[in-house]
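Peer 1: Just the structure for this:
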Amino acid sequence: MSNGTGTGADDRGLFEGLVADGFFPLALTGVALAGAGGFALFLSATGHFLPHDVAYLGLDAAQLSRAGNQRLVNFMFHDRAAFGGSLLAVGLFYLWLTEFPLRRGEGWAWWTLALSGASGFGSFLSYLGYGYLDTWHGLATLVLLPVFVIGMIRTRRTLQGDRSWRVLFRPPAWGKPGARLFWGRALLLTYGGGLVAAGITISFVGMTTVFVDTDLNYIGLTRLEICGVSDRLLPVIAHDRAGFGGGLLSIGLMVIVIVRHAAITRSFLQVMLLSGGAGFLAAIGVHFAVGYLNLWHLAPAIIGAGIFFTGWLLTWSDRVGRVSRQSGTKVA
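Peer 2: Coordinates of the predicted model:
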């Protein structure tokens, strides 16, 4: 009688099959981060705080608007929408890194995920600077971190060639780039460096002063008046700011390494455009939605968007030209 296994049958368990090479856990991490970002954008668009925020503050959005003013509420949603856009961008990069360069065994992709994970998950500690423990965020971190770590441990076995961190600093063998590709990469690297600087700055502000002058001018309340509405507002707002800063830092580190090491493929251009578009649409668009239109405040994001899209277009046009020359046809 047959035992039902058969010669050559795959008799692994379900869990073993899913985590064996580590790619599924890392892809799941990317999906979870992108989903969390989309959820944050949805809550901001619909004007709702999370239940544990309401429980901590003792106020929902409508009650806070009456106790303070509507611009105070809008300011909080502006922070959360920007954070949601950064999470969406991080999740997209995780998915691309996992499916393309990491699946080919490229060590720089593994170390890019390691850098991003350390900065992203590590930024959770910065949330505690003002004493607010976001229980939902804490639970999500506790659940997602082991998934990410399992994926990193398993995929490390699949790397080809040098597995050390030094691979990040070795020049890629792309040959001499043309002018458009050179300037395209240079602008995208500048964009990545700007994100790192912005992430560090915003995280520092979140853990210290919480607000800059333009924030208070928009809200129409002093820091002392905001504390008078509720002494628990500052910890919640500081948490949101530190989270957004951590997201920008994580994206910036990934962009720098990816632009330096990745081949300019169709998937590279797509993920770069999708992540950058999502981040800038959320970070800049929310300011128009809530009426926070101070040019000095918006200038870094607008300049960053200009650098990013110019760099992307130069890189895209170089690839189109190369593919067209190789095939002898025009590429759309």
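Peer 1: For the longest helix along the chain, give the mean pLDDT please.
Peer 2: Secondary structure of the chain per DSSP state H: the longest helix is helix 295-327. Here helix 295-327 scores 92 as its mean pLDDT.
Peer 1: other SSEs contacting the helix or strand harbouring V236?
Peer 2: In the assignment (DSSP states H and E), V236 maps to helix 233-261. Helices and strands touching helix 233-261, by 3 or more Cβ pairs under 8 Å, 6 or more residues apart in numbering; DSSP states H and E, are helix 51-57, helix 70-99, helix 107-122, helix 179-207, helix 223-229, helix 266-290. (C-beta placed from N, C-alpha, C; glycine too.)
Peer 1: give the contact list for G122.
Peer 2: G246 (Cβ atoms under 8 Å, 6 or more residues apart in numbering).
Peer 1: ok, now which ones touch the closest residue to A283 other than its chain neighbours?
Peer 2: Excluding the flanking residues, the one nearest A283 by Cβ to Cβ, 6 or more residues apart in numbering is A82, at 4.5 Å. Taking Cβ under 8 Å, 6+ apart as the criterion, A82 is in contact with F244, A282, A283, V286.
Peer 1: Next one: A82, what pLDDT does it get?
Peer 2: 94.
Peer 1: What of the one 3 residues further on?
Peer 2: The predicted structure scores G85 at 95 on the pLDDT scale.
Peer 1: related to what we said a few turns ago, avg pLDDT for the helix holding V236?
Peer 2: Mean predicted confidence for helix 233-261 is 92.
Peer 1: hmm, back to that, if you count neighbours, what's buried in the longest helix of the chain?
Peer 2: Residues of helix 295-327 classed as buried: 297-298, 301, 304-305, 307-312, 314-316, 318-319 (neighbour count, 16 or more other Cβ atoms under 10 Å).
Peer 1: With stretch 59-73 instead?
Peer 2: Quick answer for stretch 59-73 (16+ other Cβ under 10 Å): L59, D60, A61, L64, S65, A67, G68, N69, Q70, R71, L72, V73.
Peer 1: So A289 versus G321, what's the distance?
Peer 2: From A289 across to G321, the span is 38 Å (Cβ to Cβ, to the nearest Å).
Peer 1: actually G245, not the one I wrote
Peer 2: Taken as Cβ to Cβ, the span from G245 to G321 is 38 Å.
Peer 1: Please apply the same query to H239.
Peer 2: 47 Å.
Peer 1: Can you pull the poorly scored residue ranges out of this protein?
Peer 2: Scanning the chain with the threshold set as pLDDT under 70 gives 1-8, 10-12, 14-19, 123-131, 173-175, 328-332.
Peer 1: where does P172 fall, helix, sheet strand or coil?
Peer 2: coil (DSSP: H, G, I helix; E, B strand; the rest coil).
Peer 1: Surely it is in contact with R260?
Peer 2: Yes: in this structure, P172 is within contact of R260 by Cβ atoms under 8 Å, at 6.8 Å.
Peer 1: Give me the residue at the spatial middle of the chain.
Peer 2: V90 (3.0 Å; Cα atoms, centre = their mean).
Peer 1: was I right about that residue contacting L115?
Peer 2: No: judged on Cβ under 8 Å, V90 makes no contact with L115 at a distance of 12.0 Å.
Peer 1: Between those two, which contacts overlap?
Peer 2: Common neighbours of V90 and L115 (Cβ under 8 Å, 6+ apart) are M254.
Peer 1: Does W312 touch L181 like I think?
Peer 2: No: the pair W312 and L181 does not pass the contact test of Cβ under 8 Å, sitting 11.8 Å apart.
Peer 1: Distance check, the closest residue in space to V210 that isn't next to it in sequence against L216.
Peer 2: The shortest distance from V210 to any non-neighbouring residue, by Cβ to Cβ, 6+ apart, is to A238 (4.9 Å). As judged by Cβ to Cβ, A238 and L216 stand 14 Å apart.
Peer 1: again, but for A198
Peer 2: 20 Å.
Peer 1: With neighbour numbers in mind, choose between the two.
Peer 2: A198 (20 against 16; other Cβ atoms under 10 Å).
Peer 1: For the residue nearest to the more buried one when sequence neighbours are not counted, give me its contacts.
Peer 2: Nearest non-adjacent residue to A198, counting by Cβ to Cβ, 6+ apart: L248, 5.1 Å away. The contact partners of L248, by Cβ under 8 Å, 6+ apart, come to S86, L195, V196, A198, G199, I202.
Peer 1: one more time with 7 Å, if that's ok
Peer 2: S86, L195, A198, G199, I202 (Cβ atoms under 7 Å, 6 or more residues apart in numbering).
Peer 1: go on, E99?
Peer 2: So, once contact is read as Cβ under 7 Å, 6+ apart, E99 ends up touching A27.
Peer 1: Could you give the number of residues near I226?
Peer 2: 21.
Peer 1: Sorry, slip of the keys, the one I care about is E106.
Peer 2: 21.
Peer 1: I'd like the distance between it and Q160.
Peer 2: 7 Å.
Peer 1: for G120, same thing?
Peer 2: Applying Cβ to Cβ to G120 and Q160 gives a distance of 26 Å.
Peer 1: likewise R325?
Peer 2: With Cβ to Cβ as the criterion, R325 and Q160 are 30 Å apart.
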